[in-house]
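1. got a predicted model here, sequence first, then my questions.
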Amino acid sequence: MRRSRPIVFQVRGGGYDARVLLHELVATSAAVAKASSRLVKIAELASLLGPMTLADIDIAVAFLSGEPRQGRIGIGGSVIREAKPLAAASSPVLSLIEVDSVFERIATTSGRGSSGGRARLLRDLLTRATDDEQNFLMRLLTGELRQGALEGVLIEAVARAGNASSAAVRRAVMMAGALTPVARVVIGEGESGLARFTVQVFRPVQPMLAHTASDIHEALTTLEQDVALEWKLDGARIQVHKAGDEIKVFSRNLRDVSSAVPEVVEAARTLGAHDVILDGEVIALRADRTPETFQRTMQRFGRKLEVDRLRAELPLTPFFFDCLYVDGASVIDQPQADRFGTLGEIAPRSIVPNVVRPTPEEASRFVESTLQRGHEGVMAKALTSSYAAGRRGQQWLKVKLARTLDLVVLAAEWGHGRRKGWLSNLHLGARDPVGGGFVMLGKTFKGMTDQMLAWQTERLLQLEVARDEYTVYVRPQLFVEIAFNDVQASPHYAGGLALRFARVKRYREDKTPADVDTIDTVRDIYRRSAATPLDSARRSS
């Protein structure tokens, strides 16, 4: 098994400081990408991470996750490609710390001439890199890194490197909201250090996610009817943290959006607890209390100025559906029924409309009533379940009227006729949880308004990594909710499947790559609806 071989620098004062070569991480990344076995991927990554210093761990986890610690560093895809030198270094000399330091300088370079300055810094870095390192860094910066080191695999590897249970590491990541701080603690201190990662006010946790049920009968059968049903709102997920008079509101991506939603802050001041964390959704309602479109609701999150004017034009209403913490104690391990009871005491006027333990007839009436009010469906939740932060489990099921999938845009083709000059035909991909990356499911140009076409063209060109005569290929960072009629077998795509009558419902800038539906989900949909088995859908993509 590969072990990282640190290089050693003499530092001021006569001591020595070990640093890991970029070459070691690049070699491990390549091995992980080639490995078909999840266990082999985990072993390779654990072997790399185990001997690292704490500073190197931060950088390595970020790189293996597919992006620098600094996120976007202010260099476009075309500039990155042009920065690649004609020659490469003959032997590896770059350390992870050195690369990260250059990325930091690039990200913080600003002012007149900053574009050229950032390009020169990148070119100088690439000149010192070997050919394999150059290719890795360029794919890292353009979002095109395909190594199969998804978060689930990395969590297992971090657990092995720190001699900890994967369950303990996974739970700590949910509480911390990110893998990097957890990796630093567990590899440096072992499993005992994970005790510090608990639910805390003002440290948002990853939200619990839901699977999909085809109808209310399937949801009740799966959960054995010991459920609560709620409105499924087509709004924006929020997490409200309150400690006395201090209140913060976090988005689905754990970003502080308090200044954009003063209505939610005001509603939180009336909560019947001193310290509390609530999970919920915020939505814009019309005068008749029917919901505005998701895009209209999200307008409130896209502007930092004129909040008061936007509030008057597009007021938001919060609905809470879970309680995670109250007055000094975490309640996420309590059953859903108990958490729901606590929520009713704390936020009786803002709780999402619901029905508990309905009969099949009562459930059908609740669904019909919800749809008549303009909402997109219902949530079914097992009353015995705990809150599985950051996970998509079978204890929460969403039942939608229309079939939809959250997918990623992989590329787009230039339009013709009235759409000439706009990127129109989207290439859609589902997440591959085994091999990493995304599996293409087909294309669509349907469901797009002129406003959407103009917006997506501008956004996709910002994400461009390559193009040919007809198509612009992009970093997989733009997520879209796709409505469709069915899934069919297709010999044209590696996953063996394609969506029928796919059309764009909305863009989801509140989502991340981890939220993209998997190819396994699509295969399950096909198996439930197909009259004959699909051999090609079982192929590894």
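-> That came in fine, so what should we check first? Numbering: from 1, shown residues only.

2. now do the helices in the stretch 1-150 of the chain.
-> In the stretch 1-150 of the chain, the helices defined using DSSP state H, counting those that start in this stretch lie at 22-34, 38-49, 54-65, 77-83, 96-108, 114-127, 131-142.

3. reformat those as CSV; add mean pLDDT and distance to Ile187.
-> The C-beta positions use only the backbone N, C-alpha and C, and glycine is treated the same way. Listed next are the helices of the stretch 1-150 of the chain as CSV, based on pLDDT from 0 to 100; distance: least, Cβ to Cβ, whole Å:
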stretch, mean pLDDT, distance to Ile187
helix 22-34, 91, 15
helix 38-49, 93, 6
helix 54-65, 90, 6
helix 77-83, 77, 31
helix 96-108, 92, 15
helix 114-127, 89, 27
helix 131-142, 90, 22
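
4. pull out the buried positions in the helix or strand Val249 falls within.
-> Using DSSP states H and E, Val249 sits in strand 246-251. Buried residues in strand 246-251, counted by 16 or more other Cβ atoms under 10 Å: 247-251.

5. what's the neighbour count on the nearest residue to Leu48 once chain neighbours are set aside?
-> Residue nearest to Leu48 in three dimensions, not counting chain neighbours: Thr28, with 4.4 Å by Cβ to Cβ, 6 or more residues apart in numbering. Close neighbours of Thr28, defined as other Cβ atoms under 10 Å, add up to 23.

6. outline the domain layout of the protein.
-> For the chain, automatic domain parsing gives the domain ranges 7-195, 216-400, 404-538.

7. now distance to Phe202 too, for the helices of the stretch 1-150 of the chain, in CSV please.
-> Listed next are these as CSV, based on distance: least, Cβ to Cβ, whole Å:
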stretch, distance to Phe202
helix 22-34, 33
helix 38-49, 29
helix 54-65, 22
helix 77-83, 36
helix 96-108, 26
helix 114-127, 34
helix 131-142, 31
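
8. of those helices, which approaches Arg373 most closely?
-> helix 54-65 (40.5 Å; Cβ to Cβ).

9. and the angle from that closest one to helix 22-34?
-> 40 degrees (axes from the mean of the first three to the mean of the last three Cα atoms, to 10 degrees).

10. which residues does helix 54-65 contact?
-> Residues from elsewhere that reach helix 54-65 (Cβ atoms under 8 Å, 6 or more residues apart in numbering): 19-20, 25, 29, 45, 48-49, 52, 68-69, 96-97, 99-100, 140, 147, 149, 151, 154, 158, 179-180, 183-184, 187-188.

11. from the residues you listed, which would you call buried?
-> Listed as buried from the contacts of helix 54-65 are 19-20, 25, 29, 45, 48-49, 52, 68-69, 96-97, 99-100, 140, 147, 149, 151, 154, 158, 179-180, 183-184, 187; burial here means 16+ other Cβ under 10 Å.

12. okay, and Val185 sits in which element?
-> helix 180-189.

13. give the next helix or strand downstream of that helix.
-> Heading C-terminal from helix 180-189, the first helix or strand you meet, by DSSP H and E, is strand 209-213.

14. output that following strand as CSV, restricted to C-alpha atoms.
-> Only the C-alpha atoms of strand 209-213 are listed here, as CSV (Å, rounded to 0.1, in the frame of the first residue of the first chain):
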residue,chain,number,x,y,z
LEU,A,209,-32.9,14.9,3.6
ALA,A,210,-35.7,12.8,2.2
HIS,A,211,-36.2,10.0,-0.2
THR,A,212,-39.0,10.0,-2.7
ALA,A,213,-42.2,7.9,-2.7
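
15. one step back: among the helices of the stretch 1-150 of the chain, which is nearest Pro291?
-> helix 54-65 (35.0 Å).

16. which residue is the nearest non-sequential neighbour of Gln395?
-> Per Cβ to Cβ, 6+ apart, closest to Gln395 is Ser385, 3.6 Å.

17. what about the one you found, which helix or strand?
-> Short version: Ser385 belongs to no helix or strand, going by DSSP H and E.

18. what about the helices in the stretch 201-350 of the chain?
-> Going by DSSP H, counting those that start in this stretch, the stretch 201-350 of the chain shows helices at 216-222, 262-269, 294-298, 307-313, 336-346.

19. which other helices and strands contact the shortest one?
-> Read that as helix 294-298. The contact analysis (3 or more Cβ pairs under 8 Å, 6 or more residues apart in numbering; DSSP states H and E) places helix 294-298 against strand 275-284, strand 503-507.

20. how far does the helix or strand that the last one is followed by sit from its chain's centre?
-> So that's strand 503-507. Per DSSP H and E, the first helix or strand lying C-terminal to strand 503-507 is helix 519-529. Going by Cα atoms, centre = their mean, to the nearest Å, the spacing between the C-alpha centre of helix 519-529 and its chain's C-alpha centre is 22 Å.

21. okay, helix 519-529 in PDB with CA atoms only?
-> Provided in PDB are the C-alpha atoms of helix 519-529 (Å, rounded to 0.1, in the frame of the first residue of the first chain):
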ATOM      1  CA  ILE A 519     -28.000   7.100 -11.100                       C
ATOM      2  CA  ASP A 520     -29.200   4.400  -8.600                       C
ATOM      3  CA  THR A 521     -32.400   6.500  -7.900                       C
ATOM      4  CA  VAL A 522     -33.000   6.700 -11.700                       C
ATOM      5  CA  ARG A 523     -32.500   3.000 -12.000                       C
ATOM      6  CA  ASP A 524     -35.000   2.400  -9.200                       C
ATOM      7  CA  ILE A 525     -37.600   4.500 -11.000                       C
ATOM      8  CA  TYR A 526     -37.000   2.600 -14.200                       C
ATOM      9  CA  ARG A 527     -37.400  -0.800 -12.500                       C
ATOM     10  CA  ARG A 528     -40.700   0.200 -10.900                       C
ATOM     11  CA  SER A 529     -42.200   1.300 -14.200                       C
END
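
22. that helix: which residues count as buried?
-> Quick answer for helix 519-529 (16+ other Cβ under 10 Å): 519-523, 525-526.

23. thinking again about what came up before, please identify the most buried of the helices and strands packed on helix 294-298.
-> For the helices and strands packed on helix 294-298, the largest average neighbour count (mean count of other Cβ atoms under 10 Å) is found in strand 275-284, namely a mean of 23.

24. where in the stretch 251-400 of the chain is pLDDT low?
-> Along the stretch 251-400 of the chain, the parts satisfying pLDDT under 70 run over 302-304, 390.
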